[in-house]
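S.K.: sequence? don't have it. structure:
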């Protein structure tokens, strides 16, 4: 993997760059649609490519390991071939999913022992076998096994958790470097900064992660319930330490405003289930504000979903029609909303990139943030 920065914003830490992988180039800043189990919910692969303009998607090691299973994926020749996706893929190690199973998992120095949410069967994730699983999946960017601390958590817990993540990382890096790709493309491995909302722990973790000298780095353990001001503070602290010449990935974040603020603080990559999850519940993100399409006010509004045409569906469907589909419980409504929201997120980061290059990112960002928080 190669990363180059094309231009930096003069009034913020925002930068426009390019990540080169074996499956193609990724223009940054970038948003990655979440395809947890090999599918971005309700969206065809051709729609991701042609309509949403996705440059990379995300899969999840935990879910893919349990179903369809690594033997099926190996027989298929990896996830790219299994789902017929020719662009880059990033896989989360499964640490966050194991974290969410707090009542059905046990963390030790050896690894994370957990019970499957599907059938209750017992499994163990170690730093080493998570690398091996992701080798079989064949993702372009693999994530290290970590523990995502809950919020709130006390200082001692956060400190112990961070050291466990660091210990796992050393083993994971060693195993990654001692194993080979299974397929005809290269893979890279990102460590993850932890430390909850404690400044000194975030500094310590960021310095440790940077010392591993991997090709990119991630920031985890944010957007788990902490105040947004704390998230931005931690992000600023970490990005001031992580290497300038490597991509920075903020995991699981977030709202359109979170993404713009993250870009302003020097972050390059984002993912979140919000566009599809909220879309399926009738929340639409637009360049003029947020719409709840279930509201009665839209039933005779025959204007496009977004007047500025941020997604291709805006030229096909009106608010009234989408309101009707939701009221009638038609699955097409969920699909249209998901496609629109994902296309909007990709439009947003593409516009951010353009304004970074044009030199007026901060001015544009401040205007957009006021609009994005408005309820239509």
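M.R.: Right, received. Where do you want to start? What you see is a predicted model; the values in this text were computed from it and never measured. Numbers count the residues shown, from 1 in each chain.
S.K.: tell me which helix or strand residue 307 sits in.
M.R.: Taking DSSP states H and E as the definition, residue 307 sits outside all helices and strands.
S.K.: surely it and residue 301 touch.
M.R.: No - with contact defined as Cβ atoms under 8 Å, residue 307 and residue 301 do not form a contacting pair (11.1 Å). All C-beta spots, glycine's among them, are computed from the backbone N, C-alpha and C.
S.K.: neighbour-wise, which of these two wins?
M.R.: residue 301 (17 against 11; other Cβ atoms under 10 Å).
S.K.: distance of that one from residue 21?
M.R.: Using Cβ to Cβ, to the nearest Å, residue 301 is found at 42 Å from residue 21.
S.K.: so, low pLDDT: which residues of this protein?
M.R.: Along the chain, the model assigns pLDDT under 70 to residues 102.
S.K.: the helices in the stretch 251-376 of the chain, which residues?
M.R.: For the stretch 251-376 of the chain, the helices defined by DSSP state H, counting those that start in this stretch cover 256-264, 274-280, 319-327, 331-358, 361-372.
S.K.: got the contact list for the first one?
M.R.: With Cβ atoms under 8 Å, 6 or more residues apart in numbering as the contact definition, helix 256-264 has outside contacts at 9, 12-14, 29, 31, 223, 228, 231-232, 235, 250, 253-254, 270, 285, 344-345, 348-349, 352, 356, 361-362, 365, 368-369, 372-373.
S.K.: gap between the two ends of stretch 325-336?
M.R.: The straight-line separation of the ends of stretch 325-336 (Cα to Cα, to the nearest Å) is 10 Å.
S.K.: touching, residue 52 and residue 33? I think so.
M.R.: Yes - using Cβ under 8 Å, residue 52 is in contact with residue 33, at 6.9 Å.
S.K.: those two - which one has more neighbours?
M.R.: A count of neighbours by other Cβ under 10 Å puts residue 52 above the other of residue 52 and residue 33, at 28 against 25.
S.K.: helix, strand or coil for the more buried one?
M.R.: Under DSSP: H, G, I helix; E, B strand; the rest coil, residue 52 falls in the coil class.
S.K.: can you tell me how far it is from residue 340?
M.R.: Distance, residue 52 to residue 340, by Cβ to Cβ: 9 Å.
S.K.: shared neighbours of these two, anything?
M.R.: Common neighbours of residue 52 and residue 340 (criterion: Cβ under 8 Å, 6+ apart): residue 311.
S.K.: nearest spatial neighbour of the residue nearest the centre of the chain, skipping sequence neighbours?
M.R.: Central residue of the chain (Cα atoms, centre = their mean): residue 271, 1.9 Å from the mean position. Spatial nearest neighbour of residue 271, excluding adjacent residues (Cβ to Cβ, 6 or more residues apart in numbering): residue 32 at 4.2 Å.
S.K.: wait, the one you found touches residue 60, no?
M.R.: No - if you go by Cβ under 8 Å, residue 32 and residue 60 don't touch, sitting 11.9 Å apart.
S.K.: of the two, who's got more company?
M.R.: residue 32 (25 against 22).
S.K.: shouldn't residue 17 be within a strand?
M.R.: Yes - counting by three-state DSSP, residue 17 falls inside a strand.
S.K.: look up how far residue 27 lies from it.
M.R.: Remark: distance between residue 17 and residue 27 (Cβ to Cβ) = 8 Å.
S.K.: neighbour count winner among those two?
M.R.: Between residue 17 and residue 27, counted using other Cβ under 10 Å, the more crowded position is residue 17 (21 against 14).
S.K.: thought that one was touching residue 267?
M.R.: No - counting by Cβ under 8 Å, residue 17 does not reach residue 267; the two are 11.3 Å apart.
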